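need the 3D shape of this:
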Amino acid sequence: MDITRPETSALDRTFRVSLILKGLDGVLEIIGGLLLLLVTPAQIGDLARFLTQHELAQDPRDFVANSLLHLTSNLSGSASLFGAVYLLLHGVVKIVLVWAVLKEKLWAYPWMIAFLLVFIAYQSYRISVAFSWGMVLLTAFDIFIVWITWREYRLRRAQRRLCSDNGHA
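Reported below is the predicted structural model:
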């Protein structure tokens, strides 16, 4: 039994689009993790220098270019391995949970919420240590996804109860 909720269809679409964006983020994390496994820290530094040389020639104080160079110059083999494992695990978990939620597997909703809450806590810590508007926006997006996932979970669970109470499978 399909219960449509036309008054919330825009919110339902927003939920699906947000999940798809999270899934795509997971794919990018896996690609990034694989690249960190395949590319040495020195090669990453060389690439960063190549990508920023034009910008730094125009503006030697460019914040983004200098931040990128600083980040890549301090990259060690162990940090690169940690980053690769972190990105790979995070990306795989994210993709599995997004897929399961999109398939309306009820078990996945609480796991998605818990997964995001852990990262919201970590991101909040990172914001308190080194403020970043990007991290603030990512955290706000994750908070929104937690709320909308909780809302969708409650609706799906009620829907299943209604179907089972009415004798539908």
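
in the lengthiest helix in the chain, what's buried?
Counting residues, the longest helix found in the chain (DSSP state H) is helix 133-165. By neighbour count on 16 or more other Cβ atoms under 10 Å, the buried set for helix 133-165 is 135, 138-139, 142, 145-146, 148-149, 152-153, 156, 159. (C-beta placed from N, C-alpha, C; glycine too.)

tell me what that helix is packed against?
helix 9-38, helix 108-129 (3 or more Cβ pairs under 8 Å, 6 or more residues apart in numbering; DSSP states H and E).

run the angle between the shortest one and helix 9-38 for me.
Between helix 108-129 and helix 9-38, the angle comes out at 70 degrees (axes from the mean of the first three to the mean of the last three Cα atoms, to 10 degrees).

got the contact list for helix 108-129?
Defining contact as Cβ atoms under 8 Å, 6 or more residues apart in numbering, one finds that helix 108-129 is touched by 93-94, 97-98, 100-101, 132, 135-136, 138-139, 142-143, 145-146, 149-150, 152-153, 156.

any stretches of the protein with poor pLDDT?
Applying pLDDT under 70 to the chain flags the ranges 1-8, 167-169.

let's see it at 50
1-4 (pLDDT under 50).

I'd like to know which of the helices and strands packed on helix 133-165 lies nearest to V85.
Closest of the helices and strands packed on helix 133-165 to V85 is helix 9-38, at 7.2 Å (criterion: Cβ to Cβ).

quick check: buried residues in that closest one?
12, 15, 18-19, 22-23, 25-26, 29-30, 32-33, 36.

got TSV for these, with distance to A65 too?
Formatted as TSV, the buried residues of helix 9-38 follow (distance: Cβ to Cβ, whole Å):
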residue	distance to A65
D12	41
F15	37
S18	31
L19	34
K22	29
G23	30
D25	24
G26	28
E29	24
I30	27
G32	20
G33	24
L36	21
